[in-house]
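J.: what would the 3D arrangement of this be:
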Amino acid sequence: MNWLKKTLLTTLLLLTVVGLACANNPDAVLGVWKNGEGTGMVQIYKKGDKYYGRVVWLKVPNNPDGTPRTDINNPDEKLRKRPLKGLENMREFVYVGENEWESGQIYDPKTGNDYSCEMKLVDANTLEVRGYIGVSLFGRTDVWKRQVKKA
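T.: As a prediction, the model looks like this:
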């Protein structure tokens, strides 16, 4: 029975240490994440002290004619021919502590709209991404799942 107690205590200690490391690590969000619909993956990366994201995978990467999908709903007509794959759709996030990043922008290529955005790391493999207009109360949260952790 002593070995069981020791094993449980060791496991609990390890989980606590891992949890604390994640909680105090601004770079814990880095990696590749699949959106809640499963239609795309975004790689979150860092430039300077801010966090950005770019589309790295699409469930449907091509149009019916075989050409790569483009940003056809962009309000700027000049940008409608840019490919969706590789598109930087998340910008300027700042780590504010407690596994939260705020003051960012997210672009939705389905609508061509930009939204204010914040992210919260729920656990090492679950990210809540909330886009909104005005105040966070009026928005939508999507739950993303980690696919690849940054090496």
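
J.: strands paired with the strand or helix carrying Trp144, and their directions?
T.: According to DSSP states H and E, Trp144 maps onto strand 139-149. Using DSSP bridges, strand 139-149 pairs in its sheet with strand 31-34 (antiparallel), strand 126-132 (antiparallel).

J.: give me whichever of the ones you listed is most buried.
T.: strand 31-34 (a mean of 20; mean count of other C-beta atoms under 10 Å). The way it works is simple: take the backbone N, C-alpha and C, and place the C-beta from them, glycine included.

J.: before we move on, the earlier item: can you pull the buried residues of the strand holding Trp144?
T.: Within strand 139-149, the residues scored as buried using 16 or more other C-beta atoms under 10 Å are 144, 146.

J.: other residues contacting that strand?
T.: Strand 139-149 is contacted by residues 30-37, 41-42, 115-116, 122, 124-133 when judged by C-beta atoms under 8 Å, 6 or more residues apart in numbering.

J.: repeat for stretch 37-56
T.: Contacts for stretch 37-56 (C-beta under 8 Å, 6+ apart): 27, 29-35, 57-60, 84-95, 101, 104, 106, 109, 142, 144, 147, 150.

J.: what stretches of the chain score poorly on pLDDT?
T.: In the predicted model of the chain, residues 1-23, 149-151 satisfy pLDDT under 70.

J.: all helices for it, in order.
T.: Ranges of helices in the chain, per DSSP state H, are 2-23.

J.: sorry, back to before: now distance to Leu79 too, for the strands paired with strand 139-149, in CSV please.
T.: Below are those laid out as CSV (distance: least, C-beta to C-beta, whole Å):
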stretch, distance to Leu79
strand 31-34, 24
strand 126-132, 19
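
J.: closest one to Asn74 among these?
T.: strand 126-132 (16.7 Å; C-beta to C-beta).

J.: using PDB, write out every CA atom in that closest one.
T.: The C-alpha trace of strand 126-132 is given here as PDB (Å, rounded to 0.1, in the frame of the first residue of the first chain):
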ATOM      1  CA  THR A 126      -7.400  23.100 -25.400                       C
ATOM      2  CA  LEU A 127      -7.500  26.700 -26.500                       C
ATOM      3  CA  GLU A 128     -10.600  28.900 -26.300                       C
ATOM      4  CA  VAL A 129     -10.600  31.600 -29.000                       C
ATOM      5  CA  ARG A 130     -13.200  34.300 -28.500                       C
ATOM      6  CA  GLY A 131     -13.900  36.800 -31.400                       C
ATOM      7  CA  TYR A 132     -16.100  39.800 -30.700                       C
END
